[in-house]
Each structure stands twice: as C-alpha cells, then as structure tokens.
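**Student:** sequence unknown, structure follows:
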C-alpha cells in the first residue's frame, strides 16, 4: 500500500483518509513494515518520486532488449533473396525472434499492418523454394549467426572462406506515416496537467485555488493524467 501526496503539507490529511478506509474494512497493518516520509522508492515494480510514478527500468529490461520484429523480417527477407540468387532449393532458417518464427509458421497472426505486409512478402519468397524450414533458436545457442555478425561488423577484408555480406540500403516496405487531424480545443485536463507537470497556475486567484484543490485527487503516471482513490484502482483521464 502506498500513500503519495502531491504537497507535503497535505500528507497528514491523506494518511488520515487512508487510515479511515482501513478501519472501515477492518484492515490491519504491520508497523514493522511501515515507512513514513519517504521521498522516493520502489513499489510493485515502479519508481515513485516527486515527479510521479514511472516504470522501473530493471523490470522491463528484457522487453526493451528484445529485437524489433521489423529488423528480423528484413534479415529474413535478405537471407531468402540471397538464397534464391545462389540457386538454393532447400533452405533452413534459424531466427532468435520467436514472434517472427511463429508468424511465419502460421502459429501466430500478424495483426499490425506493417507486420502483415512483411509476412506476406516472406511467404511469397518461400514459394520459390522446394522446402523452407524456419525454426526458433535463442541467440545464446545460435553460434553460426553470432559468427556471421562478427564477420560483418569486423574490418578484416578477407577470410579463408568466401562469405557474402549484403548491406541493406533501404527497407523492403515503404512506411507511410498515418496523419490524424484534430482541432485543438481546450480540455478540462489542461490546467491540471500544467500544474502537475510544470507547476504552472492560472492568473485568476479563484482558479488557482480550484486547480490546487482538484489536483489532490489526480496524479501523473508516465506523463498521463490519472484520478486516484485509496479504495479503487487508478482511473485514466481521457
């Protein structure tokens, strides 16, 4: 359980409201595990500090380090084109992207439009061979791919065996940015966002008091405005 106040002076009142809710539902706390007056810390995989609540980078490192599916598709397309040029008929492909492998093998569906176009190009190329096997191999176990990547990135002009290295100068699919035109109309969230993000307040004194009063019930999570409650989950404001 976490009780966070936007203003230090309001923290006792927020704690009082929290304790009232706990008493109402007969919830008890272990004093040995309680901490008060903490300015920042880790909580349920998030970093909580004076700027708001952010995702703990250590918790999402594995996701951030995952290879982009488009990059893997580009590599797969380049490999198939090269195999076709060399006259290969039976091709085995090892990829460290499980998502791409499962989509190519029709286990997963490519719902995103760009991925669907990449998948269609791969399947069309595969029809030009007698047999194509695509399997998932973790990068740590794919020693052949690691060796080729080191050769491609090295400065050695020659090797004992001929290895063809292809540099992709452009993407296989031209990306067209989607444009959405909307009218910039004033939103009830604008004063709260300005105050919580930059501590900017309206010029009118009455509006200043109103914004500060309302801001106690809201918080920022990754730059997005959420309405908070001690007994209910956060509600995203739209």
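**Tutor:** Nice, I can see it. Everything numeric in this text was worked out from a predicted model, so none of it was measured.
**Student:** C-alpha from now on. contacts and neighbour counts both.
**Tutor:** Fine.
**Student:** in the longest helix seen in the chain, what's buried?
**Tutor:** Ranked by number of residues, the top helix in the chain under DSSP state H is helix 69-85. Within helix 69-85, the residues that count as buried by 16 or more other Cα atoms under 10 Å are 70, 72-74, 76-78, 80-81, 84.
**Student:** Likewise for stretch 218-234?
**Tutor:** Buried, per 16+ other Cα under 10 Å, within stretch 218-234: 218-221, 225-228, 230.
**Student:** What about those residues, which are in helices?
**Tutor:** Per DSSP H, the subset of the buried residues of stretch 218-234 in helices is empty.
**Student:** and which of those residues is nearest to residue 127?
**Tutor:** Of all the buried residues of stretch 218-234, the one sitting nearest residue 127 is residue 221; the distance, using Cα to Cα, is 47.8 Å.
**Student:** Any regions of this protein where pLDDT drops low?
**Tutor:** Within the chain, the stretches with pLDDT under 70 are 43-45, 50-68, 139, 142-170, 174-184, 230-232.
**Student:** Would you map out the domains in it?
**Tutor:** Under automatic domain parsing, the residue ranges defining each domain of the chain are 8-62+187-206+214-236, 69-153.
**Student:** show me the contacts for the nearest residue to residue 77 once chain neighbours are set aside.
**Tutor:** The shortest distance from residue 77 to any non-neighbouring residue, by Cα to Cα, 6 or more residues apart in numbering, is to residue 122 (6.1 Å). Residue 122 makes contacts with 73, 76-77, 104, as judged by Cα atoms under 8 Å, 6 or more residues apart in numbering.
**Student:** Just flag the most distant two among those.
**Tutor:** Within the contacts of residue 122, two members stand farthest from each other by Cα to Cα: 77 and 104, at 11.7 Å.
**Student:** where along the protein do the strands fall?
**Tutor:** Ranges of strands in the chain, per DSSP state E, are 41-43, 46-49, 52-55, 90-95, 131-136, 218-221, 224-227, 235-236.
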